[in-house]
Structures are given as C-alpha cells and as structure tokens.
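J.: predicted model, plus sequence, below.
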Amino acid sequence: MKRNRKLILILLIFFILIYIGFSFFVANEMTKPMAPRLDVYPTVVSENFEAIEFKSTDDLTLKGWLFSTDTSKLVIMVPGLTQNRINTAYYAIWIAKDLVGAGYNVIMYDPRATGLSEGDRVSYGKFEVADILGAVEFAKGRGFKPEKIAILGDSTGAITILMAADKLNKVGALIIDSAATNFKPLIINRLWTEKNVPTFFAPAIFFFTDTVFKTKIGEVKPIEQLPLVPERRFLYLHGESDDLFPIDESKRLLEASNPESKLVIFSKGNHVETFKSDPDLYRKEIFNFLESELGDL
C-alpha cells in the first residue's frame, strides 16, 4: 500500500512538472521576439524613402521607413503578429505602394520585439500601444498634423489600434482590418487547432505570459475600448472566410462602434486576405474612407 502511494505521488509530481515546464515553454515561445528579417528593399515601394527610428512612449527604439510625397497626409501602417514592417502576409508592401502612388506619405515600422526594433517580448497589443503613440509623436515632429494622419492595422496590429483608440482622438482616421473583440479565447483556440496544445494548459500558459513575462495578454480586450470613443468612426475590413478571427468578431466590433462606422466584407478572403482577395474593392474602400476622414489630397 505504501509503495503504491509513493508511486502515485511520484507520478503526480512528474505530471505537475511536465505541466509547468511545457506551459512555461509555450508562454516563452508565444512572447519571444519575432520576424527579425527584412526581405524586401524599400525601393519596391518608392525611391523617395528614409530609414527612420523613433521612441515608443515607454522608451524603446523602433525602426522603420518613411516614404515621402508632396502632400500633408500620412498613413501609418501597423503589422500583425509574427510580422515586421514588410508584413508579407498582408501584402503591405503593395498596399504601401498604392498609397504612395495615390499621394499619401507612409510610415512602415517594426513593432517592439520584431524586425530591427528593440524589445524583449511581444504582448499581442497590450504594450504595443506605446509603439503606435510613439509613431504618431514622430510624425507630429516631422510636421504632420494629427487630423491628417491615418493609422491602418491588420490582425494584431488592428487590435493594437483599438487598444489605443482613446489616446488617438486627434488622429484623423483609423482603419481596422481583421481584428478581434477579445484576444485570449482566440489564442487558446489557435493553440489547440494549429499547435495541438490542449486547452487545459491555458491557465498555466497565461499565468506565465502575464506574470513571468509581464505581457498581460489577458487584458487585450479591444471591444472594451470602444465605449471610450463614441464619436470615432471606424472602417472595418474582414475576410468572410477568416478561420482565425471569424467574421463575427468584426460584426460585434461594428455593433459596439459609432453608428457611422462601416464594415466591408471580402467574400473570398481568409485571415488578413482582404487586399489579396479583392484589391479593387480594398482600394476603393480605403481611399474613400481616407478622403472622407482626412479630406482631399
């Protein structure tokens, strides 16, 4: 009997150690620096570019590109998770090329812990808010008026914009592509469907992400920010076939937003495939919204 109890205790300790160790490993992998490589030359967008660096509002040095035109209007592009400024999953280089070709100045930058920017951890939109605010301050320092600035983000980049929305009241336009209402449940689902991580590991994983790595992912709830900005009109974009952030996520965000906000659904698009699936519709909606919110070029 004593031997059986001892064996059970040893097995219990073993499984506890496996549970804790595996959860710590996943939490570390989820939040470690990502997307260090830049595989595209900025000249693909425009010859008139400048390598820039600026400080986030919590004092990290972030790096990117500024593409200049002869107008007073600027679009800041915010990439999603696992991406850097070139944001290949979103076709950001080609979107930026279209924007510059239409006369808009464009900033593309690496959020914290991606590309060439400083930072030890990604936080899925919690602390990346400080990156967006730093980009806006940089733009203001270059002479761009806030009301002539637009911010365009996809996936986690779009979530970050929503998390920062109440601090962007003077910014002219916010464009939200393929966002979510509450990030944590979607991450848990993604860990299971894509990485085969059973959901019973989730409590320990998020304990480590939020306490040891201090990323506070559990606080990333964009829909809770919308009541803080009742006057803000958003343009939402979403692929109808999105299997990562279902289309209902943007529908719920729209319902919680200013009634003058708009959701454009791309019938053939999966996650962040709005431009890829229908570039003509994408250009039409983006440029119409920019014109309505920022005024004529």
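T.: That came through, no problem.

J.: residues contacting residue 113?
T.: 32-34, 119-122 (CB atoms under 8 Å, 6 or more residues apart in numbering). Quick note: C-beta positions are derived from backbone N, CA and C, even for glycine.

J.: of the residues you listed, which is the most crowded?
T.: residue 122 (25 neighbours; other CB atoms under 10 Å).

J.: please tell me how far it sits from residue 236.
T.: 23 Å (CB to CB, to the nearest Å).

J.: do residue 90 as well
T.: Counting by CB to CB - residue 90 and residue 236 are separated by 15 Å.

J.: so those two - more neighbours on which side?
T.: Set residue 90 next to residue 236 and count neighbours by other CB under 10 Å: residue 90 wins out with 26 against 23.

J.: okay, strands next: where are they in the stretch 151-297 of the chain?
T.: Taking DSSP state E, counting those that start in this stretch as the test, the strands found in the stretch 151-297 of the chain are 173-177, 234-239, 262-266.

J.: okay, these in a markdown table with mean pLDDT and distance to residue 197 next?
T.: Converted to a markdown table, the strands of the stretch 151-297 of the chain look like this (pLDDT from 0 to 100; distance: least, CB to CB, whole Å):
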| stretch | mean pLDDT | distance to residue 197 |
| --- | --- | --- |
| strand 173-177 | 98 | 27 |
| strand 234-239 | 98 | 25 |
| strand 262-266 | 98 | 30 |
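
J.: include distance to residue 201 when you put the ones you listed into a markdown table, please.
T.: Conversion of the strands of the stretch 151-297 of the chain to a markdown table gives the following (distance: least, CB to CB, whole Å):
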| stretch | distance to residue 201 |
| --- | --- |
| strand 173-177 | 30 |
| strand 234-239 | 29 |
| strand 262-266 | 34 |
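
J.: pick out the residue nearest the middle of the chain.
T.: In the chain, the centroid-proximal residue (CA atoms, centre = their mean) is residue 157; its distance is 1.5 Å.

J.: quickly list what the closest residue to that residue other than its chain neighbours is bridged to.
T.: Once flanking residues are discounted, residue 157 sits nearest to residue 78: 3.5 Å by CB to CB, 6 or more residues apart in numbering. For residue 78, the beta-bridge partners under DSSP bridges are residue 153.

J.: tell me who's in contact with residue 78.
T.: Residues in contact with residue 78, defined by CB under 8 Å, 6+ apart, are 111, 128, 131-132, 151-154, 157-158, 160-161.

J.: also residue 54?
T.: For residue 54, the contacting residues are 61-62, 64, 109, 134-135, 137-138, by CB under 8 Å, 6+ apart.

J.: next one: residue 160
T.: Going by CB under 8 Å, 6+ apart, the list of residues near residue 160 reads 78, 111, 125, 128-129, 131-132, 153.
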